[in-house]
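> any chance you could fold what I've pasted below:
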Amino acid sequence: MSKAVEKVDDATRDFLDNMVETMHAMNGIGLAAIQVGVPKRILVMDLGKGSSRYPDEGQGKSSPLYLINPKIIDASEELSPYEEGCLSFPGQYAEVWRPAKVKVQYLDYLGKEQVLKAEGLLATCVQHEMDHLDGITFVDHLSALKRDMIIRKVKKSQRLKDDDL
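Predicted coordinates for the structure are as follows:
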């Protein structure tokens, strides 16, 4: 479980910048601090730049969002499906149903309180990344059969990589 950030300072902003750089290097659109081994309630997203998986989402310009201590304060009852993937499960994708719209309260890059109203891919991404902060991954939203299949594929892929070393 990730811990709340007490103070947004230069060290926090340096970490945020490094997270965005890491996310872009991995061709992702979202990254939670816990995914890089830091158990803090921090996540970054950048739908503006797009990715190979979602090339039409952005116009090629980086437009990172920095969310510190994010908290969902409202969510629609309407659900929508999205074919999700995750940097923690390379090459694996599955349909996950989540609230179609969410409102998220958070601290921004400068430590100012903000509210984000999100729908579509942005809503999916923010919920996906916030799950990481609570130790949940997208496969936890799947049936046991689908989850086990993805985990087996990831383990097999890792064994093949290890054999190549």
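
> C-alpha from now on. contacts and neighbour counts both.
Noted.

> strands of the protein, residue ranges please.
Along the chain, counting by DSSP state E, strands occupy 30-32, 42-45, 65-75, 79-86, 89-99, 101-107, 113-119.

> so for Val5, what's the pLDDT?
We have a pLDDT of 98 for Val5.

> can you check what angle separates the lengthiest helix in the chain from strand 89-99?
Ordering each helix of the chain by length in residues (DSSP state H) puts helix 144-164 first. Interaxial angle of helix 144-164 relative to strand 89-99 (axes from the mean of the first three to the mean of the last three Cα atoms, to 10 degrees): 160 degrees.

> buried stuff in helix 144-164?
Ile150, Val154 (16 or more other Cα atoms under 10 Å).

> still on that earlier bit, just send the strands of the chain back as CSV, with mean neighbour count too.
Formatted as CSV, those follow (neighbours: other Cα atoms under 10 Å):
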stretch, mean neighbour count
strand 30-32, 26
strand 42-45, 26
strand 65-75, 20
strand 79-86, 16
strand 89-99, 16
strand 101-107, 21
strand 113-119, 16
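
> nearest to Lys156, out of the ones you listed?
strand 89-99 (11.8 Å; Cα to Cα).

> any idea how far the residue nearest the centre of the chain is from Lys3?
In the chain, the residue lying closest to the centroid (Cα atoms, centre = their mean) is Glu129, at 2.9 Å. Separation of Glu129 from Lys3 (Cα to Cα, to the nearest Å) stands at 15 Å.

> and Asp9, by the same measure?
Per Cα to Cα, Asp9 is found 16 Å from Lys3.

> low-scoring stretches of the protein, by residue?
49-60, 165 (pLDDT under 70).

> please redo it, this time with the cut-off set to 80
Residues of the chain meeting the criterion pLDDT under 80: 48-61, 161-165.

> hey, what's Gly85 bridged with?
Gly85 has these beta-bridge partners by DSSP bridges: Tyr93.
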